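In: Need the 3D shape of this:
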Amino acid sequence: MADGKHLEQQFHDCMPLFIALGDEVRLGIIETLTHAERGGADQGLNVNEITQQTSLSRPAVSHHLKILRDSGLVEVRRCGTSNFYRLTLKDSTRRLMDLGRMVEEEF
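Out: Presented below is the predicted three-dimensional model:
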């Protein structure tokens, strides 16, 4: 059985993920990055490329990418004067799965 404090801490640790994933626009950006990676864009996409593939303005894309980056769902790689964004779902998925297991144990 999970310790109540540990479960509470795990929920707290996952909060940025819930916030990031709780927005349709950010889910659309995740989908865009997923399609890009499947299409061979291993280096990721820059803000202009994401803007072209969504109905968002450049500032809006940058704002949502910051939230995704802060949550750990997206990483940024600088190349010259461009930043390329790609998904980093492994750690986030692990954190959510750990939380799910703890909740199952608790209830």
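In: Would you mind giving me the confidence score for the residue most central in space within the chain?
Out: Nearest residue to the geometric centre of the chain (CA atoms, centre = their mean): Leu73, 2.3 Å. pLDDT for Leu73: 95.
In: Also Met1?
Out: Each residue has a pLDDT score; the one for Met1 is 48.
In: Strands of the protein, start to end?
Out: Along the chain, the stretches classed as strands by DSSP state E are 74-79, 82-87.
In: Now do the contacts for the spatially closest residue to Leu89 that is not a sequence neighbour.
Out: The shortest distance from Leu89 to any non-neighbouring residue, by CB to CB, 6 or more residues apart in numbering, is to Leu73 (6.6 Å). To be clear about C-beta, it is placed using only N, CA and C from the backbone, and glycine gets the same treatment. Listed by CB atoms under 8 Å, 6 or more residues apart in numbering, the contact partners of Leu73 are Leu17, Ala20, Leu21, Ile30, Leu87, Thr88, Leu89, Ser92.
In: what number of residues lie near the nearest residue to Asn83 once chain neighbours are set aside?
Out: When the adjacent residues along the chain are set aside, Asn83 lies closest to Val76, with 4.9 Å between them (CB to CB, 6+ apart). The local packing of Val76 (other CB atoms under 10 Å) involves 15 other residues.
In: what's Val76 in contact with, if anything?
Out: Residues near Val76 by CB under 8 Å, 6+ apart: Leu65, Arg69, Asn83, Phe84, Tyr85.
In: of those, closest to Ala41?
Out: Phe84 (8.7 Å; CB to CB).
In: which regions of the chain lie under the pLDDT threshold?
Out: The chain contains residues with pLDDT under 70 at 1-2.
In: So which residues of it form helices?
Out: All helices of the chain, identified by DSSP state H, fall at 4-21, 24-38, 47-53, 58-71, 89-106.
In: Alright, that wraps it up for me.
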